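Engineer: sequence isn't available, so here's the structure alone:
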């Protein structure tokens, strides 16, 4: 059997086969580039024609000792299906990097529990590649970097109004495109099904001439929903009563900020790792980041995307923000001060500090630089107040930052997987002599 990541080229799922012919091409999901993938057996899950290619499973070792007494240290990891031929049901034969991470050993047979989960941190859209020669009446298409549940249930291709359902050729490749040529491109409708049977679809329009030359690629603008992924359009319309999201949502710390190009924490910067991943960090040094999870330790470019997020107020009345009323009050106070000044005794009591104190007491909004805060210190619906120590100057009121915690949770951590039931099986890694 195979044990090194180079064996990805030639595997039955065909992800790294020609015309990609590489194990480092960024078009490959990070699981495949970093060695976190496995072959599966004949059943449960079975390879079949490749229906499970690209799916992700969480494997959890149940013992610190293999079935033959091999010493190890039990752990777990999420891996992607890349090949068949592991033999028998409920059997995983994994690349060395992932095998060591799960078992703490470099060989042997270990009992595990496994469950199908969403693929994590799949950045960027699906990539469609022509695997065959340029031919208007024959195609063999590869669909790489499929997020969500990792594989496709069906594919439909359209040349204008001429549409046709493709059939799985082998592994992750499909065939049966509509015949003919086109100068306006070809579109693909990709459909995915979760373990519970829920379906979702995305559409990918690829412009230009059809048919394509061998190796021609087209990147879809959106991917299936999942942890760290760009969300897709669901196959069923959302409820009209569902609340709409804000038009701008900056990314949380450690989340993928490639799409938002901004960070919710304004002290962080959105740095680029590669064409599929960018993250909000304090600082970035080009190259490998030793703080990254070992299975994701690929070089950072450290290019900067966008600017720091700007806190936005969530309240207020846009029709009458109160600005005109505030101006009138200030003018009246200034006139009163000037009248008092004619008496020659109270001129110095009419200072800018006093005027602004009166102004802010009447109209609760942010104090400009140089003003002194007074008043009750109670927070309105759209502001917040920092409580100062007794005897210290009251804290300046600041605009309340939008609360994105609920919106960001799915991008920071893997979504809770569908669990049709945990299955116990055995898997083995054999090392080439």
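Structural biologist: Great, that's in hand. Note that the structure is a prediction, hence the values are computed from the model and not measured.
Engineer: can you tell me which residues contact residue 185?
Structural biologist: 205, 206, 207, 208, 209, 210 (Cβ atoms under 8 Å, 6 or more residues apart in numbering). (Glycine included, C-beta is placed from N, CA and C.)
Engineer: name all residues that make contact with the fourth one.
Structural biologist: Contact analysis of residue 208 by Cβ under 8 Å, 6+ apart lists residue 185.
Engineer: just use 249 as the starting number from now, easier for me
Structural biologist: In the new numbering, first residue 249, that becomes residue 456.
Engineer: span of stretch 338-348 from start to end?
Structural biologist: This stretch, stretch 338-348, spans 19 Å end to end (Cα to Cα, to the nearest Å).
Engineer: got it, and stretch 276-292?
Structural biologist: End-to-end distance (Cα to Cα), stretch 276-292: 25 Å.
Engineer: state the number of residues packed around the nearest residue to residue 434 once chain neighbours are set aside.
Structural biologist: Using Cβ to Cβ, 6 or more residues apart in numbering and skipping the chain neighbours, the partner closest in space to residue 434 is residue 458 (4.7 Å). By other Cβ atoms under 10 Å, the residues close to residue 458 number 22.
Engineer: give me the phi and psi for residue 282.
Structural biologist: Here is the backbone geometry of residue 282 (degrees, to the nearest 10): phi -100, psi 0.
Engineer: I'd guessed it sits against residue 546; true?
Structural biologist: Yes. Using Cβ atoms under 8 Å, residue 282 is in contact with residue 546, at 7.2 Å.
Engineer: from residue 367, how far out is the closest residue to residue 295 other than its chain neighbours?
Structural biologist: Closest residue to residue 295 apart from its sequence neighbours, by Cβ to Cβ, 6+ apart: residue 332 at 3.0 Å. Distance of residue 332 to residue 367, given as Cβ to Cβ, to the nearest Å: 19 Å.
Engineer: which one of the two has more residues nearby?
Structural biologist: Neighbours were counted for residue 332 and for residue 367 using other Cβ under 10 Å; residue 367 has more, 28 against 22.
Engineer: what residue ranges in the protein score low on pLDDT?
Structural biologist: Across the chain, the ranges flagged by pLDDT under 70 are 249-250, 474-497, 543, 555-575, 578, 585-586, 588-681.
Engineer: buried residues in the longest strand seen in it?
Structural biologist: Ranked by number of residues, the top strand in the chain under DSSP state E is strand 356-365. Using 16 or more other Cβ atoms under 10 Å as the test for burial, strand 356-365 gives 356, 357, 358, 359, 360, 362, 363, 364, 365.
Engineer: hey, where'd the helices end up in the chain?
Structural biologist: Remark: helices assigned in the chain by DSSP state H are 278-282, 344-351, 571-589, 600-610, 653-660.
Engineer: among the contacts of residue 433, which lie within strands?
Structural biologist: 453, 454.
Engineer: closest one of the contacts of residue 433 to residue 392?
Structural biologist: Taking Cβ to Cβ as the measure, residue 392 lies nearest residue 454 of those, at 13.9 Å.
Engineer: assess the claim that the closest one and residue 434 are in contact.
Structural biologist: Yes. Using Cβ under 8 Å, residue 454 is in contact with residue 434, at 5.4 Å.
Engineer: more crowded one of those two?
Structural biologist: Taking neighbours as other Cβ under 10 Å, residue 454 and residue 434 compare with residue 434 leading, 25 against 17.
Engineer: my guess is residue 307 meets residue 339, correct?
Structural biologist: No. Look at residue 307 against residue 339 with Cβ under 8 Å: they stay out of range, at 11.4 Å.
Engineer: report the separation between residue 366 and residue 273.
Structural biologist: Noted for residue 366: a distance of 23 Å to residue 273, by Cβ to Cβ.
Engineer: could you check which of the two is surrounded by more residues?
Structural biologist: residue 366 (25 against 14).
Engineer: and the more buried one, how close does it get to residue 424?
Structural biologist: Residue 366 is 28 Å from residue 424, where distance means Cβ to Cβ.
Engineer: also residue 535?
Structural biologist: Look at residue 535 and residue 424: by Cβ to Cβ, they are 45 Å apart.
Engineer: among the two, which residue is more densely surrounded?
Structural biologist: Per other Cβ under 10 Å, whichever of residue 535 and residue 424 has more neighbours is residue 424, with 17 against 11.
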